[in-house]
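S.K.: what follows is a predicted structure for the sequence shown.
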Amino acid sequence: MSITVRPLGGSEWPAFVAVDYEAFSATYPLEMADRWREVVELDRLLTAFDGDLMVGGAGALSFEMTVPGGPIPVAGVTSVGVLPSHRRRGVLTALMTRQLHGLHEDGREAVAALYASQAGIYGRFGYGRAADTLSFRIPTHGSAFTRSAPADPALRLRVAAPADALPGLRRVYDAVRPGRPGMYARSDGFWKTEIIPDTEHDRGGMGPLRCLIAEDATGARGYALFRAKAGWNEHGVPDGEVRLLELMASDPAAYALVWRGVLDRDLCSVVHAGRRPVDDPIMHLLAEPRQLNAVWLDDLWIRLVDVDRALAARAYAAPADLVLEIEDEVCPWNAGRLRLVTGKASCEPTGAPPDLTLPVDVLGAAYLGGRPLRAAADAGLVREHRPGALRELSAAMAWDPAPWGCRVF
Ligand SMILES: CC(C)(COP(=O)(O)OP(=O)(O)OC[C@H]1O[C@@H](n2cnc3c(N)ncnc32)[C@H](O)[C@@H]1OP(=O)(O)O)[C@@H](O)C(=O)NCCC(=O)NCCS
């Protein structure tokens, strides 16, 4: 089988959707693909052909994503799928290789990011697991806060229609985003098609999208987007549930109040909160944090397309002056030695002997500051040639707060 990879042609969007639909065993109504079309950049879609049959596709979104120190351009890799008839014959490999080489030649973004449908897929292409999330299942009867929970009498909760509340949601989101690695700017289209929609399919058996806003005279300071479903158990005891989709706040008092609004909803016995950050302040607010019933999941995966530019683009938590020997089979322009001087934000090729040798996926995993290099070294993935070099780089790359992308793209 000979596979050709090329950009999507002018009339090929329906075929691209059909491949994805089949690859993902999708259940959404096909019209929903039109929603996604408002977000995808057609000129950044790649397709794979077996003869004249489209058998795979992959895309990239032009994001501004926060990394330690502030936002940078990042390619958000998305819509990756291969027809079931052609799986495990190298179609994805051809697409990923072409995409990474294209990103390098294009030069707009030194970093690529994605959400993986399965955690075992992307390491071979140099992506590292850079962020994690926690999902909580909180019984509302066990959700009391500690006595030190913050409160602000100026704040009020308001029930709002999500679409009407959009300016307030954006104000809060954009206040939080620059300080949290992994969060990315949302275009109008992204808010409209990914965050606010409310079809039967979006509801997934739950009720309509609901919105709570915490605000004062200056406007919105926090919000929650969620769905709820009423129910009673066989003894007539209220047993409804809440599915929290997103909760953001620009200050601690607003954060606590929005959470209370979600947890205190009458007739609901449990709150499912998916994809929360691993340093979610709710862990400090609950008087009995075991009631979070937390489950761990991988979140964003990061690929350093151009390691030198990527390392020079972020800030560092501690000084480091090191020679790194990078291993990278998929993007050979990265393989070799770079001298990283964090104070000068410089990362240049060098012939000096290396202090550390590490594969590009391990560096990608550490890039957002949430995955300590020390742990990767303990797993045997980093080789230290100068004693102390590992500690130096690990301390420099660590960052607070923990990375978190919030919503899948
Ligand atoms: C996942 C998917 C894209 C893989 O495509 P593919 O063309 O079969 O992948 P390739 O043949 O290029 O495989 C490359 C390597 O990745 C491995 N691989 C592929 N899919 C994998 C998976 N789901 N889990 C673990 N390894 C996987 C292959 O075994 C192969 O390993 P090798 O190099 O050691 O032989 C395809 O199966 C698919 O579309 N799945 C459903 C949709 C999906 O999950 N898309 C990804 C969205 S993030």
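M.R.: That came in fine, so what should we check first?
S.K.: beyond the longest helix seen in the chain, next helix or strand please.
M.R.: For the chain, the helix that runs over the most residues, judged by DSSP state H, is helix 91-106. Going down the chain from helix 91-106, the next helix or strand is strand 111-115, by DSSP states H and E.
S.K.: can the longest helix of the chain be found next to the ligand?
M.R.: Yes - Helix 91-106 reaches the ligand (CB under 6 Å from any ligand atom) through Val91, Leu92, Thr93. (C-beta placed from N, C-alpha, C; glycine too.)
S.K.: can you tell me how far the residue nearest to Asn293 when sequence neighbours are not counted is from the ligand?
M.R.: Leaving aside its sequence neighbours, Asn293 sits nearest to Arg137 (CB to CB, 6 or more residues apart in numbering; 4.3 Å). From Arg137 over to the ligand the distance is 25 Å, taken as CB to the nearest ligand atom, to the nearest Å.
S.K.: I figured Arg137 was touching His272, is that so?
M.R.: Yes - if you go by CB atoms under 8 Å, Arg137 and His272 touch, sitting 5.5 Å apart.
S.K.: lowest-confidence helix or strand of this protein?
M.R.: Within the chain, no helix or strand scores below helix 32-37, which has a mean of 90 by mean pLDDT, DSSP states H and E.
S.K.: return the distance of the helix or strand following it from the chain's centre.
M.R.: Downstream of helix 32-37, the first helix or strand assigned by DSSP H and E is strand 46-50. Averaging C-alpha positions (CA atoms, centre = their mean, to the nearest Å) puts strand 46-50 26 Å from its chain's average.
S.K.: over to stretch 167-181?
M.R.: With CA atoms, centre = their mean, you get 15 Å for stretch 167-181.
S.K.: would you format the residues of helix 91-106 next to the ligand as CSV with neighbour count and pLDDT included?
M.R.: Formatted as CSV, these follow (neighbours: other CB atoms under 10 Å; pLDDT from 0 to 100):
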residue, neighbour count, pLDDT
Val91, 23, 98
Leu92, 21, 98
Thr93, 14, 98
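S.K.: need those in JSON lines (columns: distance to Gly70).
M.R.: Converted to JSON lines, these look like this (distance: CB to CB, whole Å):
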{"residue": "Val91", "distance to Gly70": "37"}
{"residue": "Leu92", "distance to Gly70": "33"}
{"residue": "Thr93", "distance to Gly70": "34"}
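S.K.: OK, contacts around the closest residue to Phe190 other than its chain neighbours?
M.R.: Distances taken as CB to CB, 6+ apart place Val39 nearest to Phe190, at 5.5 Å, with adjacent residues excluded. By CB atoms under 8 Å, 6 or more residues apart in numbering, the contact set of Val39 is Leu61, Ser187, Gly189, Phe190, Thr193, Glu194, Phe409.
S.K.: the residue of the stretch 201-350 of the chain found nearest the ligand pairs with what?
M.R.: In the stretch 201-350 of the chain, the residue that lies nearest the ligand is Trp301 (9.0 Å; CB to the nearest ligand atom). As for beta bridges, Trp301 partners with Leu114, Arg129 under DSSP bridges.
S.K.: which SS class is the residue lying farthest from the centre of the chain?
M.R.: When distances are taken from the C-alpha mean of the chain, His235 lies farthest, 41.3 Å away, according to CA atoms, centre = their mean. Here His235 is coil, with the state taken from DSSP: H, G, I helix; E, B strand; the rest coil.
S.K.: show me what Ala160 is bridged to.
M.R.: Using DSSP bridges, the beta-bridge partners of Ala160 come out as Cys211.
S.K.: that one and Leu322: what is the separation?
M.R.: Per CB to CB, to the nearest Å, Ala160 is found 50 Å from Leu322.
S.K.: again, but for Ile213
M.R.: Remark: distance between Ile213 and Leu322 (CB to CB) = 47 Å.
S.K.: more crowded one of these two?
M.R.: Counted by other CB atoms under 10 Å, Ile213 and Leu322 do not tie: Ile213 has more neighbours, with 24 against 21.
S.K.: how about the host helix or strand of the more buried one, which residues are buried there?
M.R.: Taking DSSP H and E as the criterion, Ile213 maps to strand 210-216. Neighbour-count burial for strand 210-216, counted by 16 or more other CB atoms under 10 Å, picks out Arg210, Cys211, Leu212, Ile213, Ala214, Glu215.
S.K.: per-residue pLDDT, the third one?
M.R.: Read it as Leu212. Leu212 is assigned a pLDDT of 98 by the prediction.
S.K.: for it, give me its contacts.
M.R.: By CB under 8 Å, 6+ apart, the contact list for Leu212 reads Leu157, Arg158, Val159, Ala160, Tyr223, Ala224, Phe226, Val258, Gly261, Val262.
S.K.: and what of the first one?
M.R.: Contacts here follow CB under 8 Å, 6+ apart; on that basis Arg210 touches Val159, Pro162, Leu225, Phe226, Arg227, Ala228.
S.K.: isn't the third one up against Arg243?
M.R.: No - judged on CB under 8 Å, Leu225 makes no contact with Arg243 at a distance of 9.9 Å.
S.K.: tell me if I'm right that the residue of the stretch 201-350 of the chain closest to the ligand and Ala113 touch.
M.R.: Yes - with contact defined as CB under 8 Å, Trp301 and Ala113 form a contacting pair (6.8 Å).
S.K.: tell me the buried residues in the helix or strand hosting Val55?
M.R.: Per DSSP H and E, Val55 falls inside strand 53-67. Using 16+ other CB under 10 Å as the test for burial, strand 53-67 gives 54-61, 63-67.
S.K.: likewise stretch 99-108?
M.R.: So stretch 99-108, judged by 16+ other CB under 10 Å, has buried residues Gln99, Leu100, Gly102, Leu103, His104.
S.K.: so what's the last one closest to, chain neighbours aside?
M.R.: Once its chain neighbours are removed from consideration, His104 has its nearest residue in Val305; the separation is 5.6 Å (CB to CB, 6+ apart).
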